[in-house]
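# Sequence first, predicted coordinates after that:
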Amino acid sequence: MAGRRTPVAPALVMAGLAALWSAPVAEARAVEMGCLMRGDVRFSPGVTGDPQHVEMTVTGSLFECQGSTPHAGAEFRGATTGKLSCGGGDAKGAIEITWDGRNNSVVDLTADKVDDLPPTFRGKVARGAMEGRAVEVRIEAVDGADPADCAKSRGITALGIYGSADFSS
């Protein structure tokens, strides 16, 4: 049901968003900055109960950022592609972050065999502002995802996401 925040339950959120924010991080790191996050994810074609090739776009913002960096907030956008279903999947892509309207970062992403809940995603800033920093994103709620849509031919085509992101050295 659109417009209602629900706790994250469908594995679809794991699959789609891991594709947007996930890459391995080899060691524990010190957090330099934490932000709240909200965004929108669109799936084409929609995510159903059957694994299939899906392209995803994501847009959103990071806000109320606090820490040892000079960034107060950011806008992000990106694209990923992979084989997904409501039960999980894998994907890869990149997200571009524009900090305070002036500095950019590019986060390279990959996700393999995503099926754990609640979702926590990891990536790394590949270039630009905060280059080399690890990224960890926690999705805490979604809007607009009805698990019953997984059984429909159109599937889930969009959802809103809410959570937080940490950047570490």
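Great, that's in hand. Numbers count the residues shown, from 1 in each chain.

# The protein: helices as residue ranges?
11-21 (DSSP state H).

# Low-confidence stretches in it?
Residues of the chain meeting the criterion pLDDT under 70: 1-29, 111-120.

# at 80 what do you get?
Along the chain, segments meeting pLDDT under 80 span 1-29, 90-91, 109-122.

# Flag every buried residue along stretch 30-38.
32, 33, 34, 35, 36, 37 (16 or more other Cβ atoms under 10 Å). For every residue, glycine as well, the C-beta is placed using N, CA and C.

# Closest one to residue 89 out of the residues you listed, please.
residue 37 (21.6 Å; Cβ to Cβ).

# ok, now how distant is residue 81 from residue 56?
Residue 81 sits 7 Å away from residue 56, going by Cβ to Cβ, to the nearest Å.

# Settle it for me: which of those two has more neighbours?
residue 56 (22 against 14; other Cβ atoms under 10 Å).

# What's opposite residue 91 in the beta bridge?
For residue 91, the beta-bridge partners are residue 82, residue 111 (DSSP bridges).

# from what I can see it touches residue 80, true?
Yes - in this structure residue 91 lies within contact range of residue 80 using Cβ atoms under 8 Å: 4.7 Å.

# thought residue 65 was touching residue 73?
Yes - using Cβ under 8 Å, residue 65 makes contact with residue 73 at a distance of 5.6 Å.
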